[in-house]
Every structure is written in C-alpha cells, then in structure tokens.
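**Student:** Model the structure of this input:
(2 chains)
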Number of protein chains: 2
Amino acid sequence: MHIYELDTPSVVIDVDVLEKNINDMADHCKNLGITLRGHTKSHKNPEIAKMQVAAGSKGIVCQKLGDAENMARAGLDDILMTYNIVGNQKVRRLVNLAGFRRMTVTVDSLAVAAGISEQAATEGVTIGVLVEFDSGGNRTGVQSPAAAEELGKQIQQLPGLKLRGLMTYPSQISSKRLVDETIDRFKKANLPLDIISGGGTGEEWESKELGFTEHRSGSYVYEGLSRIKGAGDGSDLSPERCPLRVVTTIVSVPTSDRLIVDAGMKTFRLFPSMPYGLILDDPELKFSGMSVEHGHIDSTGTNRKFSVGDKLTVIPTYQEGVTNLHDEIVWIRNDQVEHVWRNEGRGKVK
Amino acid sequence: MHIYELDTPSVVIDVDVLEKNINDMADHCKNLGITLRGHTKSHKNPEIAKMQVAAGSKGIVCQKLGDAENMARAGLDDILMTYNIVGNQKVRRLVNLAGFRRMTVTVDSLAVAAGISEQAATEGVTIGVLVEFDSGGNRTGVQSPAAAEELGKQIQQLPGLKLRGLMTYPSQISSKRLVDETIDRFKKANLPLDIISGGGTGEEWESKELGFTEHRSGSYVYEGLSRIKGAGDGSDLSPERCPLRVVTTIVSVPTSDRLIVDAGMKTFRLFPSMPYGLILDDPELKFSGMSVEHGHIDSTGTNRKFSVGDKLTVIPTYQEGVTNLHDEIVWIRNDQVEHVWRNEGRGKVK
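**Tutor:** Okay, the predicted model is just below:
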C-alpha cells in the first residue's frame, strides 16, 4: 500500500532513513571512542530503542517513569532515568521496575535520594544513583563541586541506593574547569565513578573531551545528522535525514495562490522561530500559517497545479513534538506501508 | 481525594467553573437573540458537549470526523461539520454517520460536494450541506457571492445532498457588504437559507448583526469570558474563568531563585507571544522557560520558600492545546477529585 492510499493526516516513518540515522550515530560514537547511551524521549518507542541497542547503544535513557515502564515491559534493560523521581507514587513505580530491570537514576538533592532510599530499602532492591551537577544548563543539578561531593557522601550512607558516579547536561567544553573539579573531588573522596554521563545530540565530542564515560543522545534518531552538524534551524530538513513525515490531503484550493490541507496545529507542533516544515512534493510550496485543524500553504512560488484530493508529504520541523501528538505511526519503506505502530509511549508524562 | 494527592503532572477541570462558562455563553446568546451551536473542538469531550446542549446549544459542531464519530456514539445528534470532507475513506465514514445521526457538512467546491454526493446517493442517505464562503478569514470558502450562488445551484442538482444554507468564519462586521450580497444572491436564486452559520467565540454579537441564524462558539468552555471580552492575551487567566489546570510537583530547587517542576513542553503547549500560564499557589512565581519534560520557574519575586515535593497548580494559557496532549482529564470540584475522564477524543485528527 502506497502512503498516498492512507487516510490523512497520517504520520509515517521511513525506516531506511531511521536505520541510517541510528547506525550513523553509533559509528560516530565508536569513531570518537565514547560509549553511546541512546535516549528514547524523542520517539518513546521500544522498537526503535531496540534498534538503538542493536547498533551499539549501551542501555537506554528515559526521562519519565511511564517511558521506562513501557521500555522495560518490551524487554529493554539497563535503564538510566535522568530525572528526579519525587513522591511516593513515583518512587513505588521505580522500585517495582528495579525488581526486574537494572535501574539507575540521577538525583540532585538529599530529599530526592532519601525518598527513593526509603522505599528501595523496604522492598530490598538496589537502585543505582548518579549525582547530577549543573555544568551550565541552568536547569537541575547541584550547584558546585563541593555540593556534588557532599551529596555523593550522603547517598553512600543511604540504604537501597548504590552510588555509581556523576551526570550532567549538556556537555560543554566551556565548563571544563567545573567538570574537572567535580570529578577530582569524587576521586579524592573515593566516591565511585563507574559512570560519568554527558548528554545532548551533537555534543558527543565534547563528552569525550571532558573525560566522560558515556554520552546520551536521542534526537539524532529523527533529526539525522542535523544536530550532529550543529545546524538544526530547519534549513537542513531533507528526506535523506528526516524519517518522520506527515501525509496530508488538500481539502481546498480557494484561490490560485493558496492550498489548504487537512493537517494543522493538532497534527503539527511548531518550534519557536523555525519554519513549519518542508513539503516534499514541491519545495516551492510554503506553509504560510496554521489553524488548529487546517494547514495554510502559499503556492505562489510554483507553476504546478494542485487539486482538492491531492496528497502532500511534509517533513515537520519539530519531529519529537509531532510524534507526541499521534496515537499511530506508520512504518514505511520506499513510500510503501510496512506496518502501523501503536504509539503507546505517547503522552506518558508521569 | 485532594488534587494534591494526584500523581503529577495531572490535568484537571474545575467543573463548577466549566458549568459557569457554559451557562454564561448560553445566556449571552439568549440575551443577544442568536442561536448558539456549541463547538466541541476545544474539549472533544461528549460529556462537555452534552452540558453545552443541556444549556441551550442547538446541536453541535465538529471539525474532524473522528470527533463527530466520538460524539455520535455518545448520543449527540444534529452535528455540523465545518470541514471539507475529502477522499473515499472519509466520505464513507460520513455516510455511515448520516445513517444514524443528522449530519450537515460545509463545502467550498464542487469537487468536495460531488465526492460526498456519490457515496450518499449510493447508500440512500441525505446529508445536509452549507456553502462555505470566505468573509475575510482567508482560509477555506468560495471567494465571491457569485461563486457561492453557483456552488449552491450545483449542490441542488446532486443526489444525496440537501442544501440548507450558508456558513462562514469568522463573523466580522467589516465583511457586511459581502455577507449581504451572498445572502441576497441565495434569496434571489431561491436557494435554501434555513441555516446561515457564523462563528468564533466572542463574535456572537457580530453574527446577530450580520443576520445569521446561528453562531458557533467553542473555546468559551475553557477560556471563560476572556474571548467574549476580547482580551485573550493571557493577562486575564483566573481560576474563576479557566477550569482547566495542570497540577505539577517541584522536583528540584537548585538555587534560591529557581524551581523546577515535572511539567514541560509535553505537558503544556505554548501559544505564540502568550505567557506560559498562571501559577495559582503564588502568582509571584513566573515560568521562565520550559524543557521538554521540565518547567523552569523564576521564584525571585516571592518570599515564600518552596521545597522538593511541593505541588503547584497552573492555569495553562493555551488550554485547548493542553487538552489535546493528555489521555486522562480529572474532573474536580473545590479541589476534590470527582472522576477521571478518559480523553478519547484526543488526537482524533482524521
């Protein structure tokens, strides 16, 4: 079945491109000599996570427990959660997961560590822990090397937890002094450094330079080499690089310079200051705007005539955001449907 | 159960506020003397649609067939679809719906009308049709009064269709001349005008002034009177007006001026140039940014101390967008949980 026989709007993944992106990143990390840990947050899809692992990803990373549960049920193991797990309900789920999968979490406060320790000790499981330090991301993470050391020492006193090392995001050369001092303090205090985890697609080299033991990348799966190359402004959208596409139908041609398609803001998700996407059928067609359920296309630039019922394929700019809107993703090769994936991970924000 | 016992992030609806918004809009339209047809696209929730009908909405409006199917299954009737239904798969679904519900659709081209007519006639059902004309929305709709008349006449020749009148969006006084001429042409050609449908929350008065028979409003359900009053810049977010809220947990307090919560871009949905939302627990807390799964809050403005594990309730600015991200919506009154609604309409873009 050709993708243009699908009811629309449909979200499709070109599996050949997906495989190439996954293999390219695995090769990139092998060449650099840094261990890759594939992040799954962009796709939340165990089938893709297994492809990442098969290509060389050592374990996986999840951001939310719902993702980790989904991955664990599908057979994935060695799951790092780069998220402070807070509250009884969440800690109980983490402890359940640790009963049948190797779980490591990051923490940036004693409050978070103590909450996890209490239930883990009661249930008799051990959860690996990395101390998250803020190397310039200005989000989570302890604020100094001394604070990292102190939290590390406190974690070592807590039952049910096994300190394994350090984690930060993103990996930036500009924070080398801070990184060095944090690692030094851990070394001098005889705190474990089995894992020093950096992250961010496109910053694999930085993690290597900073002396990290592994690097977490995720968005490369959808965005191909764009992030690795550092472009990422939407100008490098191409079918060779971007496996995720949206198939739409033209539902109105009200004027000679305007096409209206059946995919709007509930199908696409915009990224600030980026273009809406690339229309593969005719790159001279440009999105001029979007309503909630309609896409508005300016056809001034093309001589081709389009009619109601014609299909168009769009590479959306913010591919992770689009994935998170749809319950089904269609796997394709050469524009032929392979199978329909039920997007179970979608919406798992808890 | 108090909302702060919910696992987070959770999306909740304050039913008292919801009811007030629904009743206020019904009263507003009664006072103006215009028939209200409640749009369901913001919530996609049959329970809320039934509340709209109970308050006085004459039938409902849906934008996508998946919504209409969801509503029809739940017992809603007299469904107007303000959308060009294009393609065999979609027309088949429309014809199925017309077998057990009164269905009216809008069309803006002979191609769309002919596609529907063919299957409707074959199946022996009749589908009501309004001609959509463009009164300045620059989206769909025929481009002139003459084109509206011509399409109306063509529709009258097509089996399986019953022309019922006209439709436009939005309702603007500035297009009064065009509207008058379009209606005149329909009258002089003896084309039916049982329905002349205008739309847009906050433009009820305009529809009345333009001589329309009904007005389609939808976002009032979530956004209260903000749109009626024409503000809508986020400055008028308030718990008295906005029933939809997001309950989050603080997962990190890395510095004295920064709180990080467990709700980011996959929980919220931003609207260009609008603030992220209003934090009810302390309006001096301001969102400074969002990562995919973290919300960043600037706590500079407050003297209150917050800790890891504390909960915060946020009124999101773009409430329709938030609803469309979550599989469950929790119904509450006075911050107590009433029941959990499975958000079946979410993601129905087909």
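**Student:** Show me what from the stretch 51-200 of chain A comes close to chain B.
**Tutor:** A:63-64, A:83-84, A:86-87, A:89-90, A:108-109, A:111-112, A:115, A:134, A:138-143 (Cβ under 8 Å from any Cβ of the partner chain). Backbone N, C-alpha and C define where each C-beta goes, glycine included.
**Student:** Which ones among these lie within strands?
**Tutor:** The strands, defined by DSSP state E, take in nothing from these.
**Student:** Now a ChimeraX select for only the buried ones of these.
**Tutor:** Those of those that count as buried under 16 or more other Cβ atoms under 10 Å in any protein chain shown are selected in ChimeraX with:
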select /A:63,64,83,84,86,87,90,108,109,111,112,115,134,139,140,141,142
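**Student:** now the helices for the stretch 51-200 of chain A?
**Tutor:** A:65-73, A:88-98, A:110-123, A:145-156, A:176-188 (DSSP state H, counting those that start in this stretch).
**Student:** Three-state assignment for A:D282, please.
**Tutor:** coil (DSSP: H, G, I helix; E, B strand; the rest coil).
**Student:** Residue ranges in chain A under the pLDDT threshold?
**Tutor:** Applying pLDDT under 70 to chain A picks out residues A:224-235.
**Student:** so what are the domain limits for it?
**Tutor:** A:3-12+A:242-342, A:34-225 (automatic domain parsing).
**Student:** The ones you listed: which one's closest to B:V129?
**Tutor:** B:V129 lies closest, by Cβ to Cβ, to one member of the domains of chain A: domain A:3-12+A:242-342, at 15.0 Å.
**Student:** Show me how far that closest one is from its chain's centre.
**Tutor:** Offset of domain A:3-12+A:242-342 from its chain centre (Cα atoms, centre = their mean, to the nearest Å): 22 Å.
**Student:** Next, the distance between the ends of it.
**Tutor:** 17 Å (Cα to Cα, to the nearest Å).
**Student:** check whether it contacts chain B.
**Tutor:** Yes. Using Cβ under 8 Å from any Cβ, we find that domain A:3-12+A:242-342 touches chain B at A:7-10, A:249-255, A:258, A:260, A:262-263, A:265-267, A:269-270, A:272, A:291-294, A:296, A:307-309, A:320-321, A:324-327.
**Student:** Give me the buried subset of these.
**Tutor:** With neighbours counted using 16+ other Cβ under 10 Å, these contain these buried positions: A:7-10, A:249-254, A:258, A:260, A:262-263, A:265-267, A:269-270, A:291-294, A:296, A:308-309, A:320-321, A:324-327.
**Student:** Out of the residues you listed, which sit inside helices?
**Tutor:** A:E320, A:G321 (DSSP state H).
**Student:** any idea whether A:P275 is helix, strand or coil?
**Tutor:** Going by three-state DSSP: A:P275 is coil.
**Student:** Might one say that it is in contact with A:F287?
**Tutor:** Yes. Contact criterion Cβ atoms under 8 Å: A:P275 and A:F287 qualify, at 7.2 Å.
**Student:** So these two - more neighbours on which side?
**Tutor:** For A:P275 versus A:F287, the count of surrounding residues by other Cβ atoms under 10 Å in any protein chain shown is larger for A:F287: 21 against 15.
**Student:** For that one, which non-adjacent residue is spatially closest?
**Tutor:** Distances taken as Cβ to Cβ, 6 or more residues apart in numbering or on different chains place A:Y276 nearest to A:F287, at 3.7 Å, with adjacent residues excluded.
**Student:** measure the one you found to B:H296 for me?
**Tutor:** When distance is defined by Cβ to Cβ, to the nearest Å, A:Y276 is 26 Å away from B:H296.
**Student:** Give me the angle between the biggest strand by length in chain A and helix B:88-98.
**Tutor:** In chain A, with assignment by DSSP E, the single longest strand is strand A:244-255. Taking axes from the mean of the first three to the mean of the last three Cα atoms, to 10 degrees, one finds strand A:244-255 and helix B:88-98 inclined to each other by 70 degrees.
**Student:** and the angle for strand A:244-255 with helix B:110-123?
**Tutor:** Going by the same axes, to 10 degrees, strand A:244-255 makes 100 degrees with helix B:110-123.
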